[in-house]
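Peer 1: Coordinates for the following, if possible.
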Amino acid sequence: MPYLKLSDACLAYGHVPLLDHADFQLDPGERVALIGRNGTGKSSLLAAMAAGSGKGRLDDGEVWVQPGIRVGYVPQEPPFDPAMSVFQAVVSGMGETSALLAEYHAVSHQLADGQGNHDALLARMDTLQHELEARGAWAYEVQAERVIDRFGLDPEANVGSLSGGQKKRLALAQALAVAPEVLLLDEPTNHLDIAAIEWLESLLIESGVSLFFITHDRSFLDRVCTRIVELDRGKLASFPGSFTQYQQRKEAMLHEESLANARADKLLKEEEVWIRKGVEARRTRAVFRVQRLDKLRAERQARRERMGKVNLHLDAGDKSGKLVAELDHVNKTYGQRQIVRDFSSRIQRGDKIGLIGPNGAGKTTLLRLILGELQPDSGTVRQGTKMEIAYFDQFRTQLNPDSTLADIISPGSDYVEIGGARKHVIGYLEDFLFAPERARSPVSSLSGGERNRLLLARLFAKPANVLVLDEPTNDLDIETLELLEELLQNYEGTLFLVSHDRTFLDNVVTQTIAAEGDGQWREYAGGYSDWAAYKASVAKETAKAKAEVKPVVKAAEPVKPKSDKLSWKEQRELEGLPDKIAALEGEQADLSRRLEDPAIYQTDPQVAQKAAERLALIDDELMVLLERWEVLESRAGGQA
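Peer 2: As a prediction, this is how the structure comes out:
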């Protein structure tokens, strides 16, 4: 029996149908990705599914939810009361029980901290305990505390003090706290760093929860989803398998559709020519051709063409000097925290550099040091000449929500100059898929993806030989991402890219500066995958070196500490340790051989990921066993 079912769903925004008699079904165990162009109605569809059984947010049709199942929903921008604590926010999704749990949590902390009237607090806690027991709510509290700990959040922290990435973790924790059978996620990777995204991938796969999610992260898609559903011109089309398999099938489908449309258009044109002749059409035996012409006209009028592609052009302007920046033993500290420690680098014109690291590592600080906007505490930074810098800000602070689209692109003028040629602002906005009638609309009316497109349009309206892009991929659809990749690959200026989109980094950058922790930054050739492969190889070599250290044969007789006699159980444990260690070393060698084969990463990346995780665990298990062996050997020697 399916968990969720969408039947004959219709939903329109203005005169544009977002859902046109669409059908969908989510079965137990499925992880289904919903993809489509920006503005096609993906978030509206997900919200309608989250609203539950009945018509809900639909104009027509219905959503059916299997009775009794729990559904968790994480919207793109989760609404939270900034005055709430993290614990209160997590349990707020538990219905009437949430208020009791939140109060119980607060009272218990007041008692622990010695705050307030002790007797009154004890009495209130006793009342709350009885009410919670009557509702069977203790399991909810345990689950809430478990997910808060699992997401690395402080239960006492104020929601208003959290970063964007922490708020996304909080929203996921809130959804998982009710132990849902179905999880609906709208852009779950936005604002998360790469480590958090990879952790989330593993969590969702291992949890066994059924998923219906929206994302434009192609690496996330390939690893997590078992089926792709595309929303295109109001219809839902299903593609079993990975994103790569979808791309191949979709290309073939679009080719067949274009051929069929071309044939229909040719036939319509021929029939239109025939009907204009007049005389033949009035004969009875030709009536069927008139009827066919009416049908062809109706079909052509009803046909919805695919949305056009964004027309991206980037003017690199005049060349900057050959040297863009040179950093020599640079250090930067904020308070007690070292953000940059002894970093040296030389950046030249045309370099395409990706900066990766966890949220809060200091990527923006390092960028500002490179561009001369921030002075180091020690060391030197030398900037190049003739630099024209353009910024893409992930928080879109450059967009005044009350301004019109035209004012954002060209304030005070109806024209922009692109590559030395003047272009009307409305025509320029059309290149970025904004209809002419929207040129005078306020920025506040745009979706997240549309705001990112507008910011790109503003960025590319002026020449720049140094581009700084801070999370440019958030909310952009896959087709626009691929076009942006191609544009940046051909860009002749210097590029600094901060992104958590692993595929985007791989396709664009030629070198990477990665945060190594404790203020250390290191340069690597290539993109994210090259950096990850290097780190994996270093980890493997380290594990191999540790595995080769076997304290079986001792070069010299160690000093035998005085110790108690081994018990019978410890003696048996000591005798069994060599076999356990040998078995683990055999498994370690087998996994290492499998991971050395490049084919495993292409044919089954999930198996490769699990093998790498197991390899890391074996290393820890071996160290524990070897240390235990040394302790027991030492004690056994002392009693001889």
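Peer 1: nearest residue to Asn465 other than its sequence neighbours?
Peer 2: Gly493 (4.1 Å; C-beta to C-beta, 6 or more residues apart in numbering). (C-beta placed from N, C-alpha, C; glycine too.)
Peer 1: cool, Cys10 as well?
Peer 2: Going by C-beta to C-beta, 6+ apart, Cys10 has Asp60 as its nearest residue, at 3.9 Å.
Peer 1: pretty sure the one you found is touching Asp8, no?
Peer 2: Yes - between Asp60 and Asp8 there is a contact at 7.0 Å, judged by C-beta atoms under 8 Å.
Peer 1: neighbours of Lys266, just the number please.
Peer 2: Neighbour count of Lys266, defined by other C-beta atoms under 10 Å: 10.
Peer 1: measure it to Ser258 for me?
Peer 2: When distance is defined by C-beta to C-beta, to the nearest Å, Lys266 is 13 Å away from Ser258.
Peer 1: Any stretches of the stretch 51-200 of the chain with poor pLDDT?
Peer 2: Scanning the stretch 51-200 of the chain for pLDDT under 70 picks out 53-56, 93-98, 135-140.
Peer 1: try 90
Peer 2: Within the stretch 51-200 of the chain, the segments meeting pLDDT under 90 span 51-60, 68-72, 75-157, 159-169, 171-180, 189-200.
Peer 1: Please point out which parts of stretch 24-41 sit buried.
Peer 2: Buried residues in stretch 24-41, counting neighbours by 16 or more other C-beta atoms under 10 Å, are found at 24, 26, 30-41.
Peer 1: Restricted to helices, list the residues you listed.
Peer 2: Under the assignment DSSP state H, the buried residues of stretch 24-41 contribute nothing to helices.
Peer 1: With distance to Ile408 and pLDDT as extra columns, can I get those in CSV?
Peer 2: CSV is the format used below for these (distance: C-beta to C-beta, whole Å; pLDDT from 0 to 100):
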residue, distance to Ile408, pLDDT
Phe24, 36, 94
Leu26, 39, 94
Glu30, 41, 94
Arg31, 38, 94
Val32, 36, 95
Ala33, 32, 94
Leu34, 30, 95
Ile35, 28, 91
Gly36, 25, 88
Arg37, 22, 83
Asn38, 17, 79
Gly39, 18, 76
Thr40, 23, 82
Gly41, 25, 85
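Peer 1: farthest pair in those residues?
Peer 2: Spatial extent of these (C-beta to C-beta) is set by the pair Glu30 and Gly39 at 26.1 Å.
Peer 1: picking up where we left off before, okay, the residue nearest to Asn465: pLDDT?
Peer 2: At Gly493, the model reports a pLDDT of 90.
Peer 1: Equivalent analysis for Leu615, please.
Peer 2: Here, the pLDDT recorded for Leu615 equals 73.
Peer 1: ok, how many other residues are close to it?
Peer 2: 20.
Peer 1: Which helix or which strand is home to it?
Peer 2: Per DSSP states H and E: Leu615 is located in helix 605-638.
Peer 1: Same check on Thr473?
Peer 2: Short version, using DSSP H and E: Thr473 is in no helix or strand.
Peer 1: Count the residues that sit near it.
Peer 2: 25.
Peer 1: can you pull the contacts of it?
Peer 2: His216, Leu481, Leu484, Ser499, Asp501, Phe504 (C-beta atoms under 8 Å, 6 or more residues apart in numbering).
Peer 1: Spell out the secondary structure type for the first one.
Peer 2: For His216, the secondary structure call by DSSP: H, G, I helix; E, B strand; the rest coil comes out as coil.
Peer 1: Distance-wise, check it relative to Arg37.
Peer 2: 10 Å.
Peer 1: Residues that sit against both of the two, list them.
Peer 2: Residues touching both His216 and Arg37 by C-beta under 8 Å, 6+ apart: Asp477.
Peer 1: Gly448 reaches Asn474, doesn't it?
Peer 2: Yes - applying C-beta under 8 Å, one finds Gly448 in contact with Asn474, separated by 7.2 Å.
Peer 1: Those two: who's more crowded?
Peer 2: Legend: neighbour count by other C-beta under 10 Å for Gly448 and Asn474, higher for Asn474 (24 against 17).
Peer 1: nearest spatial neighbour of the more buried one, skipping sequence neighbours?
Peer 2: Asn190 (5.3 Å).
Peer 1: measure the one you found to Pro2 for me?
Peer 2: Distance, Asn190 to Pro2, by C-beta to C-beta: 28 Å.
Peer 1: the more surrounded of the two?
Peer 2: Neighbours per residue, other C-beta under 10 Å: of Asn190 and Pro2, the larger number sits with Asn190, 22 against 14.
Peer 1: Let me know the secondary structure of the more buried one.
Peer 2: Secondary structure for Asn190, judged by three-state DSSP, is coil.
Peer 1: how much space between Glu30 and Ala50?
Peer 2: Glu30 is 17 Å from Ala50, by C-beta to C-beta.
Peer 1: Sorry, slip of the keys, the one I care about is Ile197.
Peer 2: Counting by C-beta to C-beta - Ile197 and Ala50 are separated by 23 Å.
Peer 1: Give me the neighbour count for His405.
Peer 2: Just so we're on the same page, residue 405 is Leu rather than His. Using other C-beta under 10 Å, Leu405 has 24 other residues around it.
Peer 1: close enough to count as contact, it and Glu430?
Peer 2: No - shown here, Leu405 and Glu430 do not form a contact pair, counting by C-beta under 8 Å, at 11.0 Å.
Peer 1: who touches Ser44 in this structure?
Peer 2: Ser44 is in contact with Leu11, Tyr13, Leu18, Leu19, Arg57, counting by C-beta under 8 Å, 6+ apart.
Peer 1: I'd like to check which residues are in contact with the closest residue to the third one other than its chain neighbours.
Peer 2: Distances taken as C-beta to C-beta, 6+ apart place Gly41 nearest to Leu18, at 2.9 Å, with adjacent residues excluded. For Gly41, the contacting residues are Leu11, Tyr13, Leu18, Leu19, Leu231, Gly234, by C-beta under 8 Å, 6+ apart.
Peer 1: Would you check how far apart Gly41 and Lys250 are?
Peer 2: From Gly41 across to Lys250, the span is 18 Å (C-beta to C-beta).
Peer 1: For the residue positioned nearest the centre of the chain, which residues are in contact?
Peer 2: Geometric centre of the chain, nearest residue: Thr189, 2.3 Å, by C-alpha atoms, centre = their mean. Thr189 is in contact with Ile197, Leu200, Thr215, Asp217, Phe220, His500, counting by C-beta under 8 Å, 6+ apart.
Peer 1: For the stretch 251-400 of the chain, which segments are assigned as helices?
Peer 2: Using DSSP state H, counting those that start in this stretch, the helices of the stretch 251-400 of the chain run over 287-302, 363-370.
Peer 1: Lowest average pLDDT across those helices?
Peer 2: The minimum mean pLDDT among the helices of the stretch 251-400 of the chain belongs to helix 287-302 (a mean of 64).
Peer 1: contacting residues for the residue nearest to Gln588 when sequence neighbours are not counted?
Peer 2: Sequence neighbours aside, Ile618 is the residue nearest to Gln588 in space, at 4.8 Å (criterion: C-beta to C-beta, 6+ apart). Ile618 is in contact with Ala543, Leu584, Glu587, Gln588, Leu591, counting by C-beta under 8 Å, 6+ apart.
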